[in-house]
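K.L.:
coords below, sequence missing:
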């Protein structure tokens, strides 16, 4: 009986030691992140879809990124997407211009821009957005816009502020025009049906409207003409998500950067193949395949890998001039960081 008790005691002690060792190992070993990133769905081809068709690679799988697509949120611009981000409806805003960032962060919103998305240069941006009017319109200069209705994608975003700027340069104020917020894809119809007098149309929708004929641009109204060469927009996460899941954020940005480089490289080599892929995906998603003709990958370029202080400070200065910010209230580092950029090297 004593021998049995001794054997039982030894067995229990062995189990206890083994269990304690396993628990200590489990506790000390870092847990691999397996967090899904909620991203707003799109009716047009996404970067992920396009890069996969062009390369045969799934960069999300390669980086171990899990995406959850949220389709119940309707967005017509960076302002509404950032609001969805703040409300914790999504985890990443894939693109917004700087004015919405400044507005939100100045009011205490905890978000951070992490990666530059679109770059405005004379070559790649000057002819892809601006204020368009009908050929027979009496509007020929910026000053002729006084008292007119202008369609924009959303209030409080870059179109809103770019219009304020070129009006101001020409002796007008924003109070002298009426901005009509509507999804960009509806702007051409609003203009042709004369529901608005002018429309600030963006990118492929601009090119499509011009190609359809009977429309002309008002000189001096493009983003580039208004503020010169710069990183125009950025991708962002909420601060709390960055703090909780830094490895997940880094993986996502590596995948994002890899996908856009695939598209950019192929577009430089064979733009027709990229446009065909864009059209094929559009058909499957039920969106307009005609937009593929005007797709361009060069709104982003490897020559501008990082956001710079000047890109944000230019806007901060404009907000201060208009009395929307106090001097020194915000600095560029409050808005963005390059730390999570895959190319960033800590000094």
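P.N.:
In hand now; what should we look at? As the structure is a computational prediction, the values presented were derived from the model and not from experiment. Residues are numbered from 1 along each chain as shown.
K.L.:
from residue 163, how far off is residue 176?
P.N.:
Taken as Cβ to Cβ, to the nearest Å, the spacing of residue 176 relative to residue 163 amounts to 11 Å. For glycine as for every other residue, the C-beta is placed from the backbone atoms N, C-alpha and C.
K.L.:
of these two, which one has the most company?
P.N.:
Each of residue 176 and residue 163 has its neighbours counted (other Cβ atoms under 10 Å); residue 163 has more, 23 against 13.
K.L.:
which stretches of the stretch 101-250 of the chain form strands?
P.N.:
Using DSSP state E, counting those that start in this stretch, the strands of the stretch 101-250 of the chain run over 111-116, 119-120, 129-134, 149-152, 178-181, 198-202, 215-217, 230-231, 233-238.
K.L.:
would you single out the least confident of those?
P.N.:
Looking at the strands of the stretch 101-250 of the chain, the lowest mean pLDDT belongs to strand 119-120 (a mean of 81).
K.L.:
show me what that one pairs with in its sheet, parallel or antiparallel.
P.N.:
The sheet places strand 119-120 alongside strand 230-231 (antiparallel), with pairing taken from DSSP bridges.
K.L.:
what comes into contact with the partner strand?
P.N.:
Applying Cβ atoms under 8 Å, 6 or more residues apart in numbering, the external contacts of strand 230-231 come out as 116, 117, 118, 119, 120, 304, 307, 308, 310, 311, 314.
K.L.:
using pLDDT, spot the least trustworthy of those.
P.N.:
Where pLDDT dips furthest among these: residue 120, at 78.
K.L.:
hang on, the earlier thing: now the buried members of the contacts of strand 230-231.
P.N.:
The neighbour-count test (16 or more other Cβ atoms under 10 Å) marks 116, 117, 118, 119, 120, 304, 307, 311 as buried among those.
K.L.:
residue 97 is in contact with the last one, correct?
P.N.:
No. Counting by Cβ atoms under 8 Å, residue 311 does not reach residue 97; the two are 10.4 Å apart.
K.L.:
what is in contact with these two at once?
P.N.:
residue 232.
K.L.:
look at the residue nearest to the spatial centre of the chain and tell me its secondary structure.
P.N.:
Centrality entry for the chain: nearest residue to the mean C-alpha point is residue 95, 0.7 Å, by Cα atoms, centre = their mean. Secondary structure for residue 95, judged by DSSP: H, G, I helix; E, B strand; the rest coil, is strand.
K.L.:
that one and residue 78 touch, don't they?
P.N.:
Yes. Taking Cβ under 8 Å as the contact criterion, residue 95 and residue 78 are neighbours in contact, 6.5 Å apart.
K.L.:
highest mean neighbour count across the strands of the stretch 101-250 of the chain, which stretch is it?
P.N.:
The highest mean neighbour count among the strands of the stretch 101-250 of the chain, using mean count of other Cβ atoms under 10 Å, belongs to strand 198-202: a mean of 27.
K.L.:
how about the helices in the stretch 101-250 of the chain?
P.N.:
Using DSSP state H, counting those that start in this stretch, the helices found in the stretch 101-250 of the chain span residues 158-169, 187-192, 203-211, 223-227, 239-244, 246-269.
K.L.:
got CSV for the contacts of strand 230-231, with distance to residue 199 too?
P.N.:
Shown next, in CSV, are the contacts of strand 230-231 (distance: Cβ to Cβ, whole Å):
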residue, distance to residue 199
116, 27
117, 23
118, 20
119, 23
120, 19
304, 28
307, 29
308, 31
310, 30
311, 26
314, 25
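K.L.:
so which of those residues is the closest to residue 215?
P.N.:
Top of the list for closeness to residue 215, among the contacts of strand 230-231 and by Cβ to Cβ, is residue 120 at 21.8 Å.
K.L.:
list the contacts for residue 202?
P.N.:
Shown here is residue 202, whose contacts under the criterion Cβ under 8 Å, 6+ apart are 128, 129, 153, 159, 184.
K.L.:
please identify the helix or strand for the closest residue to residue 288 other than its chain neighbours.
P.N.:
For residue 288, ignoring the flanking residues on the chain, the nearest one in space by Cβ to Cβ, 6 or more residues apart in numbering is residue 282 at 6.3 Å. Applying DSSP states H and E as the criterion places residue 282 in helix 271-285.
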